[in-house]
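> Quick check, what structure comes out for this input:
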Amino acid sequence: MPHSDFTKQEIIIGQCLDEMGLRYHEQRQIGKYYVDFLVEDTIVVEADGVFGHFKKADEIRDEALLEMGVGQIFHIKGQTKKEIYKELQDFLCQEPNQT
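Numbering: from 1, shown residues only. Alright, predicted model coming up:
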């Protein structure tokens, strides 16, 4: 059940992950950072929203998360369920060395 302060995009991402049958945690703390979704304990999925995030801050945070042992980080741009599902499917189905 999504928290009331989740964005529409985050709610849809959760629904798509559920439909894909993936294990995930919402708003999980890793070190000093909180990630939108931690999928299968190794993949961070971030909802970037309509306007995206602060690129430099995201790069610093992503680098720190990777150093802490996160396997992959994926930023979702899509807003509709169809867009989000496709982005997730494309990302999760690629070879690990292509990220």
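> what's the offset of the worst-scoring helix or strand of the chain on mean pLDDT from the middle of its chain?
Lowest by mean pLDDT, DSSP states H and E among the helices and strands of the chain is helix 55-67, with a mean of 92. Distance of helix 55-67 from its chain centroid, counting by CA atoms, centre = their mean, to the nearest Å, is 13 Å.
> Contacts for it, please.
30-31, 33, 35, 44, 46, 73, 75 (CB atoms under 8 Å, 6 or more residues apart in numbering). Where you see a C-beta, it was placed from the backbone N, CA and C, and this is true even at glycine.
> now the helices: where do they sit in the protein?
Assigned by DSSP state H, the chain shows helices spanning 8-19, 55-67, 81-92.
> Could you count how many residues lie near residue 89?
When neighbours are defined as other CB atoms under 10 Å, residue 89 has 12 of them.
> who touches it in this structure?
By CB under 8 Å, 6+ apart, the contact set of residue 89 is residue 20.
> How much space separates residue 57 from residue 27?
To residue 27, residue 57 is 18 Å away according to CB to CB, to the nearest Å.
> Between the two, which has more neighbouring residues?
Comparing residue 57 with residue 27 by other CB under 10 Å, the one with more neighbours is residue 27, at 13 against 9.
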